[in-house]
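Participant: model this:
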Amino acid sequence: MQVQCGKLNEYVPLYSGKNARPEFIDGAMFRIVVPLPSEKSDEETVKKNGEEEIKSNCGENCGENCGENTSAEEKILDAIKENPKITQKQLAAVTGLSLRVVEWNMAKLKNEGKIKRLGSDKKGTWEIVE
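Facilitator: Next up, the predicted model:
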């Protein structure tokens, strides 16, 4: 019996070596056996393979796609410096980011104390905290 389990088949080689595959055993109790490296050298190979896989999947847009939104934050901060009255919709248009990405980064910047809102939501301005 061949079992299709995409994520398991995708990640087992990263931990167990390139040619390793999980073993699916169907019996009274269904079991999955994941082979693990037995020697230190195997572990180093697996770690190296995993890091290379992550780097190749990450690509050029690593900052935006892998959680490090420094470039998005910088774009937002630059736009706020130019126009402290800018809205989040305007920020999305100016920076080329989605509204959701702008909202997420603005919340993060506020929580980190890098920006704060002065005045009302409608007529207020943004201040960059140095």
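
Participant: what residues are up against Lys116?
Facilitator: For Lys116, the contact set (CB atoms under 8 Å, 6 or more residues apart in numbering) comprises 110, 126-127, 129. (Each C-beta comes from the backbone N, C-alpha and C, glycine too.)

Participant: Which of these ranks first by neighbour count?
Facilitator: With neighbours taken as other CB atoms under 10 Å, the top of the contacts of Lys116 is Trp126, carrying 24 neighbours.

Participant: Just say helix, strand or coil for it.
Facilitator: strand (DSSP: H, G, I helix; E, B strand; the rest coil).

Participant: can I assume it is in contact with Lys114?
Facilitator: No. Contact criterion CB atoms under 8 Å: Trp126 and Lys114 do not qualify, at 10.4 Å.

Participant: helix or strand for Met106, which one?
Facilitator: helix 99-111 (DSSP states H and E).

Participant: Which of the contacts of Lys116 sits closest to Asn19?
Facilitator: When the contacts of Lys116 are ranked by distance to Asn19 (CB to CB), Lys110 comes first, at 48.5 Å.

Participant: I'd like the contacts of Lys116 as JSON lines, with pLDDT and distance to Ala72 appended.
Facilitator: Listed next are those as JSON lines, based on pLDDT from 0 to 100; distance: CB to CB, whole Å:
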{"residue": "Lys110", "pLDDT": "91", "distance to Ala72": "14"}
{"residue": "Trp126", "pLDDT": "92", "distance to Ala72": "15"}
{"residue": "Glu127", "pLDDT": "92", "distance to Ala72": "19"}
{"residue": "Val129", "pLDDT": "89", "distance to Ala72": "18"}
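
Participant: and those residues as CSV, adding distance to Ala79?
Facilitator: Below are these laid out as CSV (distance: CB to CB, whole Å):
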residue, distance to Ala79
Lys110, 15
Trp126, 9
Glu127, 14
Val129, 16
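
Participant: Where does pLDDT dip in the chain?
Facilitator: 1-6, 15, 18, 37-70 (pLDDT under 70).

Participant: ok, 90 please
Facilitator: Low-confidence segments of the chain, defined by pLDDT under 90: 1-75, 88, 92-98, 120-123, 129-130.

Participant: Please enumerate the strands of it.
Facilitator: Using DSSP state E, the strands of the chain run over residues 23-25, 31-33, 115-118, 125-128.
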